[in-house]
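Enquirer: Predicted structure and sequence below. I'll ask about it afterward.
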Amino acid sequence: MRPRAGERPDRVPVMCQLALGHYFLHAGRAPADLWHDSAAFGDALLLLQRRYGFDGILVNLPGRDPAWRHAIASVEARGAASVIHWTRGVSTLVPPDDNPHVFEATGVPPGRQACDKLDPEALYYVEPHGMFGPERIEAGQWPAWQHATIRHVREGAPDVSVHGEIFSPFSQLLEWVDHAAALAALIEDAEKVRACLDRLADGAIDLAVGQAGAGVDAILISSAFAGGGFISPRQYRAFVLPCERKVVAGIKARCPGLPVYTHTCGAIGDRLELMEETGTDGIDTLDPPPLGTVDLADAKPRLGGRLFIKGNLDPVGTLLNGTSEQCYAAALERLATGKPGGGYILSTACSVAPHTPPENIAQLRRAVDAAGAY
């Protein structure tokens, strides 16, 4: 993860982000427990890291209130799913293989904030994975259990690379307000958008510093809305680049030496160098066609020696729908392209789908054991 320093491991690391639905299906615990309980989710992260031989774990849910069960009014079965009715008057539909969905008492999802009503000074951080939907956190008001899952995983895997996740300011904004209104505001109220993003960057920095204190080895900036399916390279330069540059610089100033990397899905082949301008240490997913626009053989020379790169293995066409031998062959192909010179982590592009056969995922570790050594 430090190619600029000339550092290289003994072999190519392997580490995939698993969809939460994959944990629900394969960790042997009730999905509601995994979503709402810090220790239960931490145990699931540890279990599947060991099962698949991954060299790293991404902790991609915040810690949870240890008293969460006391807030349950009732639970009902709804087919293969369950519905939790909370004392606060909302309900959570928990599918067996997908993220839970929160509904108001009226049966509709919580409304997003109106873009024209946003006050930049009132923003600090938006947690997209709050227990009851996206949650606005005020400065200095992180809950006591915010880093409970990270600490649980760190204690259970002292020799594994543990990564924390923060959301980029642009992703936070898109999670908090209506998507169409937010994208329209890039044109109609650009200065207000920039002010919001600048404030949200402060919260992202503070969250990353807190995660570092809890023991993470790297920070992932989740910036899923910054690809070509949402905004152009010009809009990326105007809105995403300044705030992510601030986040990266702020983390590095307070946590020297901590690797910071960026996760952006989809069509990013036209903005790899723009992403590098944020100061990030690495780029994650590198979705190949048809999921995205990145050819690993093109990305490697464009970024090699400066940034590490992670991903590019098709999680749908190959891992979900392919045979074990096809997955193994595809992993060997990615190793042949990404391994030379170091700075490559074998991974799927974006998350491993919930119903991906475990034997297909195991082929990645098989491939690095066979052909990943330097």
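Expert: Yes, it's here.
Enquirer: Domain map for this structure?
Expert: Under the assignment automatic domain parsing, the domains of the chain span 3-68+114-371, 69-111.
Enquirer: before we move on, what SS does the closest residue to residue 263 other than its chain neighbours have?
Expert: In space, and not counting its chain neighbours, residue 263 is closest to residue 284: 4.2 Å by CB to CB, 6 or more residues apart in numbering. Just so you know, the C-beta spots here come from the backbone N, C-alpha and C atoms, and that holds for glycine as well. Classification of residue 284 by DSSP: H, G, I helix; E, B strand; the rest coil places it in strand.
Enquirer: cool, residue 57 as well?
Expert: Relying on three-state DSSP, one would call residue 57 strand.
Enquirer: Could you check how far it is from residue 344?
Expert: 19 Å (CB to CB, to the nearest Å).
Enquirer: related to what we said a few turns ago, if I pick the residue nearest to residue 263, what's in contact with it?
Expert: 220, 261, 262, 263, 264, 310, 311, 347 (CB atoms under 8 Å, 6 or more residues apart in numbering).
Enquirer: quick one: the last one and residue 92, what's the gap?
Expert: Applying CB to CB, one obtains 30 Å for the distance of residue 347 from residue 92.
Enquirer: Those two: who's more crowded?
Expert: residue 347 (27 against 21; other CB atoms under 10 Å).
Enquirer: List the residues that contact that one.
Expert: Residue 347 touches 14, 15, 16, 17, 284, 310, 311, 312, 313, 364, counting by CB under 8 Å, 6+ apart.
Enquirer: Which ones among those residues map onto strands?
Expert: 284, 310, 311 (DSSP state E).
Enquirer: ok, now which ones touch the closest residue to residue 125 other than its chain neighbours?
Expert: Closest residue to residue 125 apart from its sequence neighbours, by CB to CB, 6+ apart: residue 203 at 2.8 Å. By CB under 8 Å, 6+ apart, the residues touching residue 203 are 123, 124, 125, 126, 137, 139, 172.
Enquirer: does residue 203 sit in a helix, a strand or a coil?
Expert: Strictly by three-state DSSP, residue 203 counts as helix.
Enquirer: what's the spacing between it and residue 117?
Expert: Residue 203 is 19 Å from residue 117, by CB to CB.
Enquirer: can you redo the ones in strands among the contacts of residue 347 as CSV with distance to residue 209?
Expert: Converted to CSV, these look like this (distance: CB to CB, whole Å):
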residue, distance to residue 209
284, 21
310, 23
311, 26
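Enquirer: Tell me which residue is most central in the protein.
Expert: Centroid-nearest residue in the chain: residue 222, 4.8 Å away (criterion: CA atoms, centre = their mean).
Enquirer: Okay then, goodbye and thanks.
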